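Undergrad: coordinates only, sequence not included:
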């Protein structure tokens with residue numbers, strides 16, 4: 001039987017420096033694409049568009065309806081109080097309208113819960129977008145990356161935050177003196 005001739009393993013020609021550089025760059029690009037795919041998957045865009053955004057829309061619609069309904073009830077009750085006859089039942093009639101106003105003011109609790117859900121949905125969206133923007137080193141139109149844009153937004157928020165919710169109040173005289 002003839003013996004099979006074994007050939008020596010074929011040795012690849014050594015790579016030149018430009019070839020090594022090109023291979024290294026291609027590996028980096030492949031790693032970047034793989035990382036980008038993971039970050040896109042982490043966005044869970046389908047969940048956002050299927051669940052969170054429609055829920056936020058519905059909750060805000062409900063807030064608008066509840067607020068409008070409560071406002072109408074309060075206005076109608078107050079108007080009815082103004083037209084009550086000044087007779088022996090006046091106090092009982094006024095109390096009845098005041099209780100209607102109190103009941104209408106209960107909308108605040110429900111609207112607060114609904115707005116809380118919307119804020120939570122927006123926070124999830126913001127976190128996912130910030131993570132993605134950081135992962136792809138995205139820059140906004142001003143050339144800021146995600147971290148720089150967040151710092152700038154926080155600084156603006158601290159300056160332009162409107163009336164203070166809690167804390168020391170500034171009197172109107174002090175404000176007038178400031179602009180005088």
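TA: Noted; the coordinates are in hand. All values derive from a computational prediction rather than experimental measurement.
Undergrad: wait, doesn't residue 55 sit right on residue 117?
TA: Yes. At 6.8 Å, residue 55 counts as touching residue 117 under the criterion of CB atoms under 8 Å. Any C-beta I mention is one placed from the backbone N, CA and C, and that applies to glycine too.
Undergrad: average model confidence for stretch 31-44?
TA: For stretch 31-44, mean pLDDT is 78.
Undergrad: starting at the chain centroid, how far to it?
TA: Here stretch 31-44 is found 21 Å from its chain centre; the criterion is CA atoms, centre = their mean, to the nearest Å.
Undergrad: can you list contacts of that stretch?
TA: 128-129, 131-132, 135-136 (CB atoms under 8 Å, 6 or more residues apart in numbering).
Undergrad: do that again at 6 Å, thanks
TA: 128, 132, 135 (CB atoms under 6 Å, 6 or more residues apart in numbering).
Undergrad: what about the chain, any weak spots by pLDDT?
TA: For the chain, applying pLDDT under 70 flags the ranges 1-10, 12-13, 45-46, 138-151, 153-171.
Undergrad: which parts of it are helices?
TA: Residue ranges of the helices in the chain, as given by DSSP state H, are 17-43, 45-47, 53-82, 90-104, 107-135, 146-159, 172-179.
Undergrad: include mean neighbour count and distance to residue 11 when you put those into JSON lines, please.
TA: Putting these into JSON lines (neighbours: other CB atoms under 10 Å; distance: least, CB to CB, whole Å) gives the following:
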{"stretch": "helix 17-43", "mean neighbour count": "11", "distance to residue 11": "16"}
{"stretch": "helix 45-47", "mean neighbour count": "11", "distance to residue 11": "48"}
{"stretch": "helix 53-82", "mean neighbour count": "14", "distance to residue 11": "59"}
{"stretch": "helix 90-104", "mean neighbour count": "13", "distance to residue 11": "87"}
{"stretch": "helix 107-135", "mean neighbour count": "14", "distance to residue 11": "40"}
{"stretch": "helix 146-159", "mean neighbour count": "12", "distance to residue 11": "48"}
{"stretch": "helix 172-179", "mean neighbour count": "8", "distance to residue 11": "83"}
